[in-house]
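Engineer: Structure for the following, please:
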Amino acid sequence: NCKELWDGCKELVIFASLMQVEEISQQGDWTHRRRVVAKLVASSLFSMIMTAIVMGNFVIVLIEADMLATCEEKPEDCKDLTVIARLDLLCIAAYIVEILLR
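Structural biologist: Numbers count the residues shown, from 1 in each chain. Below is the predicted model of the structure:
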């Protein structure tokens, strides 16, 4: 049932977002903004999102490799790789944002 699956996903996201590192709140010399960003990056929800991005990027790389192999074997069946290239750039942008936040 789709409703049960959706409810399970919502429960998982809520549970994951509550799992945060406690030591961050005790850093007295950090600014409020720095504590908020540290809690965000240390949360399980952020880890789940980054894991999904990495897995999605892996799928994109596999699709791109398959499309490039098709282009080499049958140039007439070659498809436009613009969408794949943009998705790659989107994943790279997410990685850069993660590095900047950390």
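Engineer: ok, now how distant is the most far-flung residue of the chain relative to its centre from Asp66?
Structural biologist: The C-alpha centroid of the chain is most remote from Glu76, which lies 34.3 Å away (C-alpha atoms, centre = their mean). Spatial separation of Glu76 from Asp66 under the definition C-beta to C-beta, to the nearest Å is 16 Å. All C-beta atoms are positioned from the backbone trio N, CA, C, and that covers glycine.
Engineer: Please report how far Lys35 lies from Ile96.
Structural biologist: Lys isn't right for residue 35; it's Arg. Here the criterion is C-beta to C-beta. By it, Arg35 lies 22 Å from Ile96.
Engineer: The two: who's more crowded?
Structural biologist: Per other C-beta atoms under 10 Å, whichever of Arg35 and Ile96 has more neighbours is Arg35, with 14 against 10.
Engineer: pLDDT below threshold where in the protein?
Structural biologist: Low-confidence segments of the chain, defined by pLDDT under 70, span residues 12-28.
Engineer: If you count neighbours, what's buried in the helix or strand hosting Ala69?
Structural biologist: According to DSSP states H and E, Ala69 maps onto helix 44-73. Within helix 44-73, the residues scored as buried using 16 or more other C-beta atoms under 10 Å are 44-46, 57, 60.
Engineer: I appreciate the help and will end here.
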